[in-house]
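Undergrad: sharing a sequence plus its predicted fold:
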Amino acid sequence: MVDLLPERLPWFVAGPALGLLVVGLYAVANRPIGSLGAYIQTLGMVRGGRVNEPWRVWFFGGVVAGGGLAALLRGDVAFGLGYGALGEALPLPLLVAVLLAGGALMGYGARWAGGGTTGHGLCGVSVLSPGSVAATGTFMVTAVVVTAVLRIVSGGAL
């Protein structure tokens, strides 16, 4: 396939691009960007409900379409039902329980925090919102602790 995209954009390109996206959205719509809000608006539209901010549906669609297009251009399109090392390390009943518990905890946490990593980490921290700084710090600490626990419990397999 065509190699238009590098394996990963360098931080000094991706960081300022995300920053410009955040500033641009504030300048144009006076709204923070957030993947969770876009997902909720899109889900509401699919269910036939009222969409308060239609641009979020377009944003969500653009993220999905952009990811798909990037995978097509790189020739990396692969569909599967595997969960990588987690699926290999855990028996199916335990894997299902872990995935359900993880999903429930993430959903509860996002609801409790009033958003997710994109909204708090990019927008909230950039305007020094104390709640967003606390939420983003909690996300990071939790990720490090859960990763350490998984590595210990799995003997390094995860």
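TA: Now that the structure is in, tell me what you want to look at.
Undergrad: pull the number of nearby residues for Gly124.
TA: By other CB atoms under 10 Å, 23 other residues sit near Gly124. C-beta: built from backbone N, CA, C; applies to glycine.
Undergrad: hmm, Gly37 and Gly119 touching each other?
TA: Yes - the pair Gly119 / Gly37 is scored as a contact, 6.7 Å apart, by CB atoms under 8 Å.
Undergrad: quick one: which of the two has more around it?
TA: Relative neighbour count places Gly119 above the other of Gly119 and Gly37, with 23 against 20, counting by other CB under 10 Å.
Undergrad: who's in contact with the closest residue in space to the more buried one that isn't next to it in sequence?
TA: Of all residues not flanking Gly119 in the chain, Gly34 sits nearest, at 3.1 Å (CB to CB, 6 or more residues apart in numbering). By CB atoms under 8 Å, 6 or more residues apart in numbering, the residues touching Gly34 are 115-116, 118-119, 123.
Undergrad: distance of Gly34 relative to Gly61?
TA: Using CB to CB, to the nearest Å, we find Gly34 at a distance of 15 Å from Gly61.
Undergrad: also Phe79?
TA: Computed as CB to CB, the Phe79 to Gly61 distance reads 20 Å.
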